[in-house]
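Participant: the sequence and its predicted three-dimensional model are supplied below.
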Amino acid sequence: MKFKVNTDIALTHLLTRKRQTLIASLGVTVGIGIFIFMISLVVGFNKDSDESIFKSVPHLRIYHEDEVCKPLISEKISGYMPVIVNPKISNLSNNLINPDKLISDLKHQPDVVNVTQQVSVNIFYNNGKSQINGITSGVNIVEANAMFDIESVMLAGDIRDLLTTPNGIIIGVGIADKLNIQINDYMSVISSIGVGKVLKVVGIFKTSNSSVDDTKSYINLAVAQQLLKQSSSYVTDIYVNIIDPNKAPNYSAKFSALTGYKAEDWQAANESTMAKKQTRKVMFGSISFAILLVAAFGIYNIINMTIKEKMNDIAILKATGFSGKDVMNIFIKETLIMGVIGTVLGLLVATVLIHFLSKVYIGGDVGFFPIDYEKNVYVAGAIIGMVITIAAGYIPAKNAAKVDPIEIFKK
Amino acid sequence: METDKKIILRAENLIKYYYEPVKFQALKSISFKVYEGEFLSVVGKSGCGKTTMMYILSTMDTDYEGELFISDEKVTGKKSDYLADIRNKHIGFVFQFHYLLPEFSCLKNVMIPALKLNKYSYEETEQRAYEKLDLLGIKDQALKQASKISGGQQQRVAIARALINDPKIIMCDEPTGNLDSKNTDIVVDIFSQLAKDYGQTIIAVTHDKDFAVRSSRTMEMKDGEILSHGW
Ligand SMILES: Nc1ncnc2c1ncn2[C@@H]1O[C@H](COP(=O)(O)OP(=O)(O)OP(=O)(O)O)[C@@H](O)[C@H]1O
Ligand SMILES: [Mg+2]
């Protein structure tokens, strides 16, 4: 109630100068619109690249790290130094000891949503004379599907057929094409240690990531163990998914300590992807920041101009009893209103831009342009828009508060 | 001298210098008193310092030597926001060059100091503003934009604005400069009545002999000094 008259005055100022009001607001609109659009672009892009990563990479991977041979005597004996000439990677098996216990331990950890074990085998896929090499994962297909959503990329067949077909295999579409294999065909595989098997193709998947589609396949855990001539307790990797994949690095040390093996987070495993992500963020962030800065300067300018033109009004208001605070309040309100108008329009502009871009078909493993309405980005955009406008209006408003009516009247 | 009356405004040795373009003493130690309910007119040649003095009395100009008391309260040296509050509550001011807010209606111009005071509801304030405009014979202009009425009409709107908060003191710098004799009479009548019936004090600078004659006291200035208090 106390400031109602100030609002009244602010509104009259804005309404009698509709054009300037609109121009200043549009400055914010462009700034905020482009800011939200750009950031949504980055977020959408990163989300898409994360999603495609998580089609084949878990949030954390626990495995037995290769070790270089070390001397057995570790302490120095005076005058001698224990040395192994030309040390090699130790030939010990890569399996994780007592995997069932590790898995149940991990499953009881907070924030863990999914744990699955697997055996990775380097193999050759054969059909007649043609042969390509690749990697097969021995998995419990239901668990693996829960983690990688294999079902969503299936081109033919059903992942559950792997459960009913012990000697089944699900292959990438690249392998199928190159070896000219259809679903329900039989194909032979040979592991890196020379064990061969004939498997029935129960499914073909397509991730649109050619490096996966051309090499990757899924088989039953037991078959993978046989391909390596190992017992049924042989497991090379335990995969863990947690609630928030971005927090994976926080868990790697913890899980290492828990299991006694190396726990590698996906960020560490995909450093180059992460670096690209960071670059994108910084690049787009600085561009939109620059645009915001220009918008802020526009607002500052217009408010400054308004105040210069309104010196007489300010003097009269002060003469009739308005305090410096009131005057400041009036001009802050004017900025605020322009900020709100500009921001709301900015949100609309961003929405329209995002809408159109999301309809653009890119193709490849991207499909439609990976952009989406991100609530957080909208909230951030709205907050930044308002903060910038208030900051831009604050300085001129503060100066308006200091206007000495006498100086104006005497001019 | 009416010694039983309350002193509403007291000036003690007011000295004012202007420094631009050269140092110039516009007021030379002015001292005087004004009693409650007085209708004081201030006369003097152009450039003798009337406007300069009025700005100090109105508390807007704080750059002076000497002391100023309003209702026994020393206002010299008070903070600007506090002074703004005093002006809002107790002083109505009509400028020599009628300053209105050009983008607002006449009615709004009159209402704004009252809305700031926030003593009456919006509707009551509007009602009161209409009454003041009616008093000055410009009710029919109420909804016109202030920049779109004649000079004399603007002057009367400014007077209506000065009256809206029922201030203890109404200060005017040539309030009738642009008015014909009929409207000047109206303004003088209003001022006399406010002083007599409501005990409001009027201090008005004027060049108009008739106006001065009809006030209750006329103070004369010359070259930054008071020539006669008019007792
Ligand atoms: N802002 C200013 N800077 C410098 N000198 C000023 C300023 N304002 C007024 N003066 C000078 O001070 C003196 C008094 O001026 P003031 O405006 O008070 O006169 P006045 O009595 O109101 O005259 P008028 O009847 O013409 O309005 C004048 O000589 C004038 O030149
Ligand atoms: Mg003057």
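Facilitator: Yep, it's here. Numbering: from 1, shown residues only, chains lettered A, B, ... in the order given. Ligands and ions are numbered 1, 2, ... in the order given.
Participant: from now on I want contacts and neighbour counts done on CA atoms only, so please keep to that.
Facilitator: Fine.
Participant: shouldn't residue B:29 be within a strand?
Facilitator: Yes. Assessed by DSSP: H, G, I helix; E, B strand; the rest coil, residue B:29 belongs to a strand.
Participant: need the contact list for it.
Facilitator: Counting by CA atoms under 8 Å, 6 or more residues apart in numbering or on different chains, residue B:29 touches B:12, B:13, B:14, B:15, B:66, B:225.
Participant: report how many residues lie close to the closest residue to chain B within the stretch 251-400 of chain A.
Facilitator: Closest approach between the stretch 251-400 of chain A and chain B, counting by CA to the nearest CA: residue A:321, at 3.9 Å. Here the number of neighbours of residue A:321 (other CA atoms under 10 Å in any protein chain shown) works out to 29.
Participant: OK, contacts around it?
Facilitator: Residues in contact with residue A:321 (CA under 8 Å, 6+ apart) are B:83, B:84, B:85, B:86, B:87, B:88, B:89, B:113, B:116.
Participant: what's the closest of those to residue A:253?
Facilitator: Taking CA to CA as the measure, residue A:253 sits nearest to residue B:116 out of the contacts of residue A:321, at 64.3 Å.
Participant: from chain B, how far out is the closest residue to residue A:243 other than its chain neighbours?
Facilitator: What sits nearest to residue A:243 in space, not counting adjacent residues and going by CA to CA, 6 or more residues apart in numbering or on different chains, is residue A:111, at 5.5 Å. In this view, residue A:111 and chain B are 58 Å apart by CA to the nearest CA, to the nearest Å.
Participant: isn't residue A:111 up against residue A:245?
Facilitator: No. Residue A:111 lies out of contact with residue A:245 (CA atoms under 8 Å); the separation is 10.3 Å.
Participant: these two - which one has more neighbours?
Facilitator: The neighbour count for residue A:111 versus residue A:245, taken as other CA under 10 Å, is higher for residue A:245 (16 against 12).
Participant: my guess is the more buried one contacts residue A:59. True?
Facilitator: Yes. Residue A:245 is in contact with residue A:59 according to CA under 8 Å; the separation is 5.8 Å.
Participant: up against ligand 1, what does chain B have?
Facilitator: Taking CA under 6 Å from any ligand atom as the measure of proximity, chain B contacts ligand 1 at B:18, B:20, B:26, B:46, B:47, B:48, B:49, B:50, B:51, B:52.
Participant: show me what contacts the fifth one?
Facilitator: When the contact criterion is CA under 8 Å, 6+ apart, the partners of residue B:47 are residue B:223.
Participant: helix, strand, or coil at residue B:227?
Facilitator: strand.
Participant: my guess is residue B:114 meets residue B:124, correct?
Facilitator: No. Using CA under 8 Å, residue B:114 is not in contact with residue B:124, being 10.0 Å away.
Participant: more neighbours: which of those two?
Facilitator: Ranked by neighbour count (other CA under 10 Å), residue B:114 and residue B:124 place residue B:114 first, with 29 against 12.
Participant: can you classify the more buried one by secondary structure?
Facilitator: Secondary structure, three-state DSSP: residue B:114 is helix.
Participant: ok, it to residue A:320 distance?
Facilitator: For residue B:114, the distance to residue A:320 equals 9 Å [CA to CA, to the nearest Å].
Participant: got a list of what the residue most central in space within chain B touches?
Facilitator: Note on chain B: the residue nearest the mean C-alpha position is residue B:171, at 1.4 Å, using CA atoms, centre = their mean. Applying CA under 8 Å, 6+ apart, we find residue B:171 in contact with B:54, B:58, B:91, B:92, B:93, B:94, B:202, B:203, B:204.
Participant: can you tell me the SS state at it?
Facilitator: From three-state DSSP, the assignment for residue B:171 is strand.
Participant: beta-bridge partners for it, please?
Facilitator: residue B:93, residue B:203 (DSSP bridges).
Participant: for it, give its distance to chain A.
Facilitator: From residue B:171 to chain A the distance is 12 Å (CA to the nearest CA).
Participant: go on, residue B:75?
Facilitator: Distance, residue B:75 to chain A, by CA to the nearest CA: 15 Å.
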